[in-house]
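*Asks:* What follows is a predicted protein model with its sequence.
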Protein chains: 2
Amino acid sequence: MRTSQYLLSTLKEIPTDAEIISHQLMLRAGMIRKLASGLYNWLPTGLRVLHRIENIVREEMNNVGAIEVSMPIVQPANLWKESGRCAQYGPELLLFTDRSERLFVLGPTHEEVITDLIRNEVTSYKKLPLNIYQIQTKFRDEIRPRFGVIRSREFVMKDGYSFHTNQTSLQETYDTMYRAYSTIFTRMELEFHVVQADNGSIGGSASHEFQVLASSGEDDIVLSTVSDYAANIELAEAISSETSRAIPSEDIRLVDTSNIFTIAELTAQFSLPIEKIVKTFLVYANENTGYPLIALIIRGDHQLNYLKAEKLPQVSTPLTFASEEEILFSVGVSPNSLGPINLPFPLIIDRSVGVMSDFVAGSNSEGKHFFGINWDRDLPLPQIADLRKVVNGDISPDGNGILHIKHGIEVGHIFQLGTKYSEMMKATVQGEDGHNKTLMMGCYGIGITRIVAAVIEQNHDKRGILWPESIAPFNAVILPINMHKSLRVKEISENLYHQLQERGIDVLFDDRRERSGIMFSDMDLIGIPHQLIISDRNLNKEEIEEKNRRSGEKKMIKLNAIVDYLANKIIEKK
Amino acid sequence: MRTSQYLLSTLKEIPTDAEIISHQLMLRAGMIRKLASGLYNWLPTGLRVLHRIENIVREEMNNVGAIEVSMPIVQPANLWKESGRCAQYGPELLLFTDRSERLFVLGPTHEEVITDLIRNEVTSYKKLPLNIYQIQTKFRDEIRPRFGVIRSREFVMKDGYSFHTNQTSLQETYDTMYRAYSTIFTRMELEFHVVQADNGSIGGSASHEFQVLASSGEDDIVLSTVSDYAANIELAEAISSETSRAIPSEDIRLVDTSNIFTIAELTAQFSLPIEKIVKTFLVYANENTGYPLIALIIRGDHQLNYLKAEKLPQVSTPLTFASEEEILFSVGVSPNSLGPINLPFPLIIDRSVGVMSDFVAGSNSEGKHFFGINWDRDLPLPQIADLRKVVNGDISPDGNGILHIKHGIEVGHIFQLGTKYSEMMKATVQGEDGHNKTLMMGCYGIGITRIVAAVIEQNHDKRGILWPESIAPFNAVILPINMHKSLRVKEISENLYHQLQERGIDVLFDDRRERSGIMFSDMDLIGIPHQLIISDRNLNKEEIEEKNRRSGEKKMIKLNAIVDYLANKIIEKK
């Protein structure tokens, strides 16, 4: 490709509306342009990377015997009614009617469509297992699209679905996909962790996320310093180092705190360690408790883990917090005066609250806190549960090492769905014994567009992007110096361009009439791995200068050796 | 690919809801499945063909220096308001609101988005011309989706757009794309014609369609028996062989036709040749005529060409016929009693009506026709224009040969848009003289999904599809006979499978436990070009039988020669 025929579209300035480095660099390197909130045009440089990522994913899917299909983006809403997700999915599901007033959705995922397809096509266990995938544009009507293509509304996803008659077969394909995903992200030179994850609205049992470590990541993931324990923070069990309760040393007393509204003010004004304070949340209770609300209590410095709270049998799903009005109506105080003593609702306390003594809590009367509270003495010890998010320094749930928390970008997610969709949608096959069997399903997703940003988050320097060889928009760029003045530079450059193309090397030929400084900084920004600088000075020695974009290393290479040199470099990395 | 891991999904019966052969064969060969009206799942066999077509298109686009981008499917409606097409496009344009109640369209085409992109990215003539394309899913809310993927609602299209500062440059790119399109359809072994076409709702000046001849085609195209004249019937000039008017031989007389309601009844009852009768249409007139309606008159055996009618300056756009009520109100009769004599509106007659004598027409009074009408004698000769559709036997507009009419499937369409979009959307660049210039545009479309059906319409026999080598889902299929009983057949088949794959041949290995009859008929149906039959009997002679699907020719080939033999066959055709 010649730059003169290309849409380079690099930008000098950092766009003001881009918060994170990958978004900034994708705009500056001319990879994407915003069309509307969460909608991006992919310019040639961006699309080249996207296609290379798609090809790696497609190769590895084919390698494990997955077969590619393509399902419509527009899906009849009646399938989503059948699966029960039409209501459950929420406003991210974009619904619309066609000219005949029939209801459709713009597909955010395809469990319903594939289940419908397979229940029609496959009638016998003999044709199973099946492992099916597509690479396709999806739409999710995100309330707050951000970070460029990391959280956009329209995006490309590889979504895969497998079908089985038993758990052993499902587990086999799940393990195969786990390995294939690891190969895919390794080929892209991503530093990633596979973490235990929750199934969320997709449903089912086991699930793993593939998380790329990045400071801008929206997910918190938890790793052990010693073992290979890794989980999404939503799922990680919290095990504190304190295991026993100290003996009470203070009397319980009611203290005036009428000018205090936050925990920070409480610790400051009374010189209290935050670990001596508890926070009380009122949430909707499950009907079978006989109460409208239930109290969840954690330590002042901890955060409530919503997923853990929601999984408690006493708590109503989805987790819903009582409003200020509801608290005022039922307890008679504002939320920051809530506490365990004299509360007309059941209590569940976090494990770490169970080992507290001489602690401080709201008194359920306005402007007053209890100080010096002790379990068993001042009130009975309530039910204990794991309620909080883990923190740095917690003991790893497998007992090996301590936990530290990292930010991650989720680029892949695999699920064992079991019979969630096939039961709702009556997808069965004839089993070996002649009886109908409900299908078991797995599902497997890779966020293709998001990977582009994730790679950049991990591969950049102050001058621009550092593409891994496997997904670079071009493998090499020819940078002729003063080509429009030197016939020799022009001829050698043109020659090299054709030779490299013939060897199957994807090469950009920067034939613009620009100053070399601009050419160098544009190519550093775009991040093409090999820069070939062709100047009269070097040609006098029959040489070309090769600069490695990542290492910065510069080498002089003989003119007649450059094609082989580069072909070896690039093909060995491909 | 092994059939045992594959979703073959062939059908024995002809699906009742498929009218044309390509639709029937695509369903029977397991290429597509209907999800809802105009929405199709692409099964693996169909998707393989689709991808090979995409690759040919992409290669040829890249060969002519076109650059690939990808624009969102979801587009802000405000761009369509800017171009004026939001209202103009009609109900095929699917409009919807997102969760923030902003209006969007599901992109049927991308003139607006690309014009918006380029007006932002390109500011100087120095970066032009640009030739940009994408291969992408589109949506048109067709009122009557039919013929499978020929007229579906969701479909894949290659849409391209070029930008220029002058007509010479636009014409150059247009010619280049014309040639590239011809190469593309030739590589797919399609029998096609490039025909002059109307620009329709896209707008602009010159335009050509690439039409694949097929009896099921929805377009009528017109070809000369001698020259290379070719046009869409909408556009073809009608030149009759009769050029002069015969002298009147009858008197004009009013004949009772009160029990006659159609032209067929008129010819039957009075033994009249249909060429002696005229038909009169009343349509809305342009305001500047001073009349509400205008009459268009053609010969009884001809059809009105709506496009020609609409292009008359006296006719209101879009072409609108007066209703029965309007005709009754303004003339006092039903439509079939209309005629040129005593009509209170201006007349325009077709060329062939201008040379009629002693003809028959409605009398504008109920139940009576005038017989023996002659121009100049009974009424003045009105304005003459080319109003009718050409018919078989008309003289070719270039004077060479006579015309015949064929049915075509439109697979490609190229347009010179000129400044239609850039003017409405204020897309300008700085010209060489420093002044702003409005961009000139070309646009170029290929119906990727539709091609799959068009190829089948031209390439099938009673047993199934006959794929051209260049786009076959697989190049070859291994058909082992009794593999599950013969270890030798199994080993040789497995070996051959791996050897062919290593040589880059896309091969299907039919490893099902099925009777050979079923395997043969399935593979004939799917239409894989080379069938390799491996049986103990042939192996005794160290041979394999190769059957050419298209010619039916069978050859015995030595085991050690088969890989080279096939590689040569396939690579020479690729």
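*Replies:* Arrived safely. Bear in mind the structure is a predicted one, so any value in this text is a computation, not a measurement.

*Asks:* separation between the residue nearest the centre of chain A and chain B?
*Replies:* In chain A, the residue lying closest to the centroid (C-alpha atoms, centre = their mean) is A:Glu410, at 2.0 Å. From A:Glu410 across to chain B, the span is 22 Å (C-beta to the nearest C-beta, to the nearest Å). The way it works is simple: take the backbone N, C-alpha and C, and place the C-beta from them, glycine included.

*Asks:* hang on, that residue in a strand?
*Replies:* Yes: under DSSP: H, G, I helix; E, B strand; the rest coil, A:Glu410 sits within a strand.

*Asks:* Tell me the bridge partners for it.
*Replies:* A:Gln211 (DSSP bridges).

*Asks:* residues contacting it?
*Replies:* A:Glu410 makes contact with A:209-211, A:219, A:447, A:450, according to C-beta atoms under 8 Å, 6 or more residues apart in numbering or on different chains.

*Asks:* I'd like the residues you listed as JSON lines, with neighbour count and pLDDT appended.
*Replies:* Shown next, in JSON lines, are the contacts of A:Glu410 (neighbours: other C-beta atoms under 10 Å in any protein chain shown; pLDDT from 0 to 100):
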{"residue": "A:Glu209", "neighbour count": "26", "pLDDT": "96"}
{"residue": "A:Phe210", "neighbour count": "26", "pLDDT": "97"}
{"residue": "A:Gln211", "neighbour count": "30", "pLDDT": "97"}
{"residue": "A:Asp219", "neighbour count": "18", "pLDDT": "94"}
{"residue": "A:Gly447", "neighbour count": "25", "pLDDT": "97"}
{"residue": "A:Arg450", "neighbour count": "25", "pLDDT": "97"}
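
*Asks:* Now the spatially closest residue to A:Gly84 that is not a sequence neighbour: phi and psi?
*Replies:* Nearest residue to A:Gly84, sequence neighbours excluded (C-beta to C-beta, 6 or more residues apart in numbering or on different chains): A:Met424, at 5.7 Å. The phi/psi pair for A:Met424 (degrees, to the nearest 10) reads phi -60, psi -40.

*Asks:* Give me the pLDDT value at A:Met424.
*Replies:* Here the pLDDT value assigned to A:Met424 is 95.

*Asks:* what's the neighbour count on it?
*Replies:* As a burial measure, A:Met424 scores 15 neighbours (other C-beta atoms under 10 Å in any protein chain shown).

*Asks:* list the contacts for it?
*Replies:* Residues near A:Met424 by C-beta under 8 Å, 6+ apart: A:82-84.

*Asks:* what about burial for these, which qualify?
*Replies:* For the contacts of A:Met424, a burial check counting by 16 or more other C-beta atoms under 10 Å in any protein chain shown picks out A:82-83.

*Asks:* right, and out of the contacts of A:Met424, which lies closest to chain B?
*Replies:* For the contacts of A:Met424, the closest approach to chain B (C-beta to the nearest C-beta) belongs to A:Glu82, at 13.4 Å.

*Asks:* give me the element that closest one is part of.
*Replies:* A:Glu82 is part of helix A:77-83 when elements are defined by DSSP states H and E.

*Asks:* picking that back up, Throw the contacts of A:Met424 into TSV and include pLDDT, thanks.
*Replies:* Shown next, in TSV, are the contacts of A:Met424 (pLDDT from 0 to 100):
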residue	pLDDT
A:Glu82	95
A:Ser83	94
A:Gly84	92
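
*Asks:* ok, A:Ala264 - contacts?
*Replies:* If you count contacts by C-beta under 8 Å, 6+ apart, A:Ala264 has none.

*Asks:* Okay, the residue nearest to A:Gly84 and A:Ala206: tell me how far apart.
*Replies:* Note on A:Met424: its distance to A:Ala206, by C-beta to C-beta, to the nearest Å, is 20 Å.

*Asks:* One more: A:Pro335?
*Replies:* In terms of C-beta to C-beta, A:Pro335 sits 37 Å off from A:Ala206.

*Asks:* now swap in A:Leu381 and tell me
*Replies:* A:Leu381 is 34 Å from A:Ala206, by C-beta to C-beta.

*Asks:* same deal with A:Met71?
*Replies:* Distance, A:Met71 to A:Ala206, using C-beta to C-beta: 25 Å.

*Asks:* If you count surrounding residues, which of the two has more?
*Replies:* A:Met71 (25 against 16).

*Asks:* how deep is A:Met188 tucked in, by neighbour count?
*Replies:* A:Met188: 23 neighbours (other C-beta under 10 Å).

*Asks:* same question but for A:Val226, I mixed them up
*Replies:* Applying other C-beta under 10 Å, we find 12 residues neighbouring A:Val226.

*Asks:* Let's verify it: helix, strand, or coil?
*Replies:* Using three-state DSSP, the structure places A:Val226 in coil.

*Asks:* Name all residues that make contact with it.
*Replies:* A:396, A:400-402.

*Asks:* follow-up on the earlier one: I'd like the mean pLDDT over the very next helix or strand once past the helix holding A:Glu82, please.
*Replies:* Next helix or strand after helix A:77-83 toward the C-terminus (DSSP H and E): helix A:85-88. Per-residue pLDDT values over helix A:85-88 give a mean of 86.
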